[in-house]
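**Q** let me see the structure of the following:
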Amino acid sequence: MNTEIILEIIKIVGYIILGGIALYLNTKSSLKEKASGYIAEAEEAYKDATNAGGIKFEYVVDKLYSIIPTALKVFFTRDMLSAIVQKAFDAVEAYAKTQLDKASASLPAITQAEASTEAASTEELSNG
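**A** Presented below is the predicted three-dimensional model:
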């Protein structure tokens, strides 16, 4: 074989590998973005259900798996998608907790004495 042909084959293989890596990274980034949206969708779809955490989780994983191109499903297993969904859920939960902490910190603090007085007034009204 001629060295030019070998170099040409190596270049083609390199382009294919780089293209595959780019496609993989693009799909992974897209999945992370879509996971949060699907989590919100699952929350809305199962808002009336009790103890539906597992159902919601599978709903999100199934939705993500359905948008992956068939050629990439070899690289994006359900286990990998489960990890992506869990990370997205953890991020949403941490954000919500931060917002809740900020909101509770901005509320005026009442003293124990004020709370006792408030409770006594409420009790008098309900009894009397």
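
**Q** by contact count, what packs against whichever strand or helix holds residue 104?
**A** Secondary structure from DSSP states H and E places residue 104 in helix 78-106. Counting contacts by 3 or more C-beta pairs under 8 Å, 6 or more residues apart in numbering; DSSP states H and E, helix 78-106 packs against helix 3-45, helix 53-67. Where you see a C-beta, it was placed from the backbone N, CA and C, and this is true even at glycine.

**Q** so which bits of it are buried?
**A** 81-82, 84-85, 88-89 (16 or more other C-beta atoms under 10 Å).

**Q** quick one: residue 100 from residue 90, how far?
**A** In this structure, residue 100 and residue 90 are 15 Å apart, going by C-beta to C-beta, to the nearest Å.

**Q** and for residue 21?
**A** Between residue 21 and residue 90 the distance is 27 Å, computed by C-beta to C-beta.

**Q** now the helix holding residue 104: average pLDDT?
**A** The pLDDT scores in helix 78-106 average 82.

**Q** any low-confidence regions in this protein?
**A** Scanning the chain for pLDDT under 70 picks out 1, 25, 106-128.

**Q** spatially central residue for it, please.
**A** Most central in the chain under C-alpha atoms, centre = their mean is residue 88, positioned 2.1 Å from the mean C-alpha point.

**Q** can you pull the phi/psi pair for residue 51?
**A** phi 50, psi 50 (degrees, to the nearest 10).

**Q** okay, now it: neighbour count?
**A** As a burial measure, residue 51 scores 6 neighbours (other C-beta atoms under 10 Å).

**Q** and if you look at the one 10 residues further on?
**A** Burial measure for residue 61: 21 neighbouring residues, criterion other C-beta under 10 Å.

**Q** ok, now which ones touch it?
**A** Taking C-beta atoms under 8 Å, 6 or more residues apart in numbering as the criterion, residue 61 is in contact with 78, 81-82, 85.

**Q** closest to residue 67 among the residues you listed?
**A** The closest of the contacts of residue 61 to residue 67 turns out to be residue 81 (C-beta to C-beta; 10.3 Å).
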